[in-house]
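Undergrad: What follows is a predicted structure for the sequence shown.
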Amino acid sequence: IWCLPYINGTVVDKIEWVKVKPYLIYVASFSVGIYTNMKALETSNVDTVIVFRCCTPLVVSILDFLFLGREFPNLRSIAALVALLVGAYNYVTSDSAFMLDGLSAYFWVSIY
């Protein structure tokens, strides 16, 4: 982008910290997410990563209610979230890595 004015004469605005800061936060968050995902896949199996990703609606629905003022999930949604929780619990109790390493087996997946 900085070279563009010299190549074809395009007018480019100067970089302003106020405009760049939100993008840096996004880029840093995305990079941390990619790094923790790769570490999770390195230390556990794909099934574990998928199960933990499927559990994100549990956290998101509560955080949406608390911080964004959205309505609390209705009874039908709560039933679906409980079904997710039961499925994740069943997976964790039958996962051989969890039986061998305990909670440390899920460190990177939990951060992700």
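TA: Looks like it arrived, so ask away.
Undergrad: Which neighbouring elements make contact with the lengthiest helix in the chain?
TA: For the chain, the helix with the greatest residue count under DSSP state H is helix 17-43. Packing contacts for helix 17-43, counted by 3 or more Cβ pairs under 8 Å, 6 or more residues apart in numbering; DSSP states H and E, involve helix 46-54, helix 107-111. In this view, the C-beta of every residue, glycine as well, is placed from N, C-alpha and C.
Undergrad: how about the shortest one as CSV, C-alpha atoms only?
TA: The C-alpha coordinates for helix 107-111 follow below in CSV (Å, rounded to 0.1, in the frame of the first residue of the first chain):
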residue,chain,number,x,y,z
PHE,A,107,-5.4,-27.2,27.8
TRP,A,108,-4.9,-25.9,24.3
VAL,A,109,-8.5,-26.8,23.3
SER,A,110,-9.9,-24.9,26.2
ILE,A,111,-7.9,-21.8,25.4
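Undergrad: one step back: residue 35: which of the helices and strands packed on helix 17-43 is closest?
TA: Across the helices and strands packed on helix 17-43, the minimum distance to residue 35, taken as Cβ to Cβ, is reached by helix 107-111, at 9.1 Å.
Undergrad: This completes my enquiry, with thanks.
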